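Novice: Fold the following, please.
(one chain, ligands or ions: 2)
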Amino acid sequence: MGSLNLPELVVIDLSNEGLKAGSSSWSSACKDIRQALENHGCFIALYDKISPQLHRSIFQAADQLFDLPTEVKVQNINEKPYHGYVGQMPIVPLHEGLGIDYATTLEGAQSFTKLMWPDGNDSFCETAMSFAKTVADIEKIAVRLLFESYGVQKYTDSHVEATTYLLRFLKYRAPEEGESNNAFPSHTDKSFFTVLHQNHISGLEVRARNGEWINVVFPPSSFVVMAGDACQAWSNNRVLSPNHKVSLDKNGKETRYTMAQFSFLSKMVEVPEELVDDEHPLQFKPFAHVDLLNFYATDHGRRSQNILKDFCGV
Ligand SMILES: O=C(O)CCC(=O)C(=O)O
Ligand SMILES: [Fe+2]
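Specialist: Ligands and ions are numbered 1, 2, ... in the order given. Prediction:
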């Protein structure tokens with residue numbers, strides 16, 4: 001009996017129809033999102049504004065991008081850690097990734113496209129930007145719901161205005177015979193939120209607050225919204241930034257693609273005073289988001305078992 005009872009993530013409908021501001025569906029979504037983020041650090045979001053056409057074109061765009069010669073892809077360099085090209089790494093041989101910084105802006109999308117296709121590739125640029133904007137809308141709804149669930153909605157607008165987005169194209173080739181199926185090691189994200197959209201190949205596993213690993217099976221038309229370390233810090237340790245990893249089916253033959261959009265703050269990350277009281281004393285000092293990434297890029301940061309405590313603990 002127990003083995004059939006697999007743990008699952010909460011599903012929340014963020015589509016317009018399912019969610020009218022001020023309605024009872026809005027308040028129940030507030031409750032659900034808070035509970036999901038406190039217990040699992042993530043949830044599955046349904047969102048009807050992503051058309052089947054956009055879903056198809058973003059994965060075609062991914063194919064086109066990864067087909068470029070490695071010497072072109074390695075030009076995707078960013079001074080911010082973990083923002084640029086990753087590939088041909090012996091510790092993660094199945095994995096390759098590239099990132100578009102400021103992906104929701106025309107400048108961000110265009111400068112990445114020009115670097116990869118000096119002669120231009122308008123359809124890639126349009127698809128990537130349109131996908132990034134749709135995913136940013138999902139992230140903003142999640143922020144609104146979460147802030148309201150803690151009664152701190154007065155901070156939502158300034159938070160949203162200071163948010164920038166990094167869109168990463170991630171590829172995991174199927175393991176060859178005898179090769180490990182560990183495609184990406186366990187980690188927490190350094191973002192505020194991460195929104196994931198995958199093709200038809202699953203592989204994501206998330207560790208819930210109770211220590212249980214959850215195999216995340218989500219339909220290709222849906223998204224996983226996950227809290228990062230910055231969100232955990234902002235919430236004064238209420239929200240969980242969950243450990244997660246990618247393991248592929250040992251016998252699988254197909255390539256897994258994930259689109260991962262990370263949100264970052266260009267203003268200080270700080271705990272709202274409303275989230276500090278006798279029961280919840282302040283746990284973290286305010287910090288610049290990019291400094292969390294820079295800390296993670298040091299030996300001390302990478303080895304840390306409790307990065308927030310080591311980086312900004314009070
Ligand atoms: O591919 C996935 O589903 C997860 C990717 C991930 O965790 C990351 O890039 O931080
Ligand atoms: Fe991650």
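Novice: so who does S191 touch?
Specialist: Applying CB atoms under 8 Å, 6 or more residues apart in numbering, we find S191 in contact with 166, 228-231, 262-264. Any C-beta I mention is one placed from the backbone N, CA and C, and that applies to glycine too.
Novice: Spell out which parts of the protein neighbour ligand 1.
Specialist: Within the chain, the positions near ligand 1 by CB under 6 Å from any ligand atom are 170, 184, 189, 196, 198, 204, 244, 246, 258, 260.
Novice: all helices of the stretch 101-250 of the chain, in order?
Specialist: 106-116, 122-149, 156-161, 229-234 (DSSP state H, counting those that start in this stretch).
Novice: So which of those helices is the most surrounded?
Specialist: Ranked by mean neighbour count, the helices of the stretch 101-250 of the chain are led by helix 229-234 with a mean of 25 (mean count of other CB atoms under 10 Å).
Novice: And that one, what does it pack against?
Specialist: In terms of contacts (3 or more CB pairs under 8 Å, 6 or more residues apart in numbering; DSSP states H and E), helix 229-234 is packed against strand 268-269, helix 289-296, helix 307-312.
Novice: my read: A62 touches T258, true?
Specialist: No. With contact defined as CB atoms under 8 Å, A62 does not reach T258; the gap is 9.0 Å.
Novice: Is it possible to get the helices and strands packed on helix 229-234 out as CSV so that each row also shows distance to S221 and mean pLDDT?
Specialist: Below are those laid out as CSV (distance: least, CB to CB, whole Å; pLDDT from 0 to 100):
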stretch, distance to S221, mean pLDDT
strand 268-269, 32, 98
helix 289-296, 31, 97
helix 307-312, 33, 98
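Novice: Next, format those as CSV and append mean neighbour count.
Specialist: CSV is the format used below for these (neighbours: other CB atoms under 10 Å):
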stretch, mean neighbour count
strand 268-269, 18
helix 289-296, 19
helix 307-312, 18
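Novice: Tell me which of those lies nearest to C125.
Specialist: Comparing these against C125 with CB to CB, the closest turns out to be helix 289-296 (25.6 Å).
Novice: what's the distance between K154 and D48?
Specialist: K154 sits 29 Å away from D48, going by CB to CB, to the nearest Å.
Novice: repeat for K171
Specialist: 27 Å.
Novice: These two: which is more packed in?
Specialist: Higher neighbour count among K171 and D48: K171, with 20 against 12, using other CB atoms under 10 Å.
Novice: what about the strands in the stretch 151-300 of the chain?
Specialist: 163-172, 182-187, 193-198, 204-207, 213-215, 223-227, 244-247, 256-265, 268-269, 287-288 (DSSP state E, counting those that start in this stretch).
Novice: Figure out which of those strands is closest to L115.
Specialist: So among those, strand 163-172 is nearest, using CB to CB, at 13.5 Å.
Novice: between that closest one and helix 289-296, what angle do the directions make?
Specialist: Taking axes from the mean of the first three to the mean of the last three CA atoms, to 10 degrees, one finds strand 163-172 and helix 289-296 inclined to each other by 40 degrees.
Novice: And strand 163-172, what does it pack against?
Specialist: helix 52-66, strand 95-101, helix 122-149, strand 256-265.
Novice: The last one pairs with which strands, parallel or anti?
Specialist: Strand 256-265 pairs in its sheet with strand 163-172 (antiparallel), strand 193-198 (antiparallel), by DSSP bridges.
Novice: Let me have these in TSV, adding distance to D13 as columns.
Specialist: Below are the strands paired with strand 256-265 laid out as TSV (distance: least, CB to CB, whole Å):
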stretch	distance to D13
strand 163-172	23
strand 193-198	15
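Novice: which of the ones you listed sits most buried?
Specialist: Most buried among the strands paired with strand 256-265, counting by mean count of other CB under 10 Å: strand 193-198, with a mean of 25.
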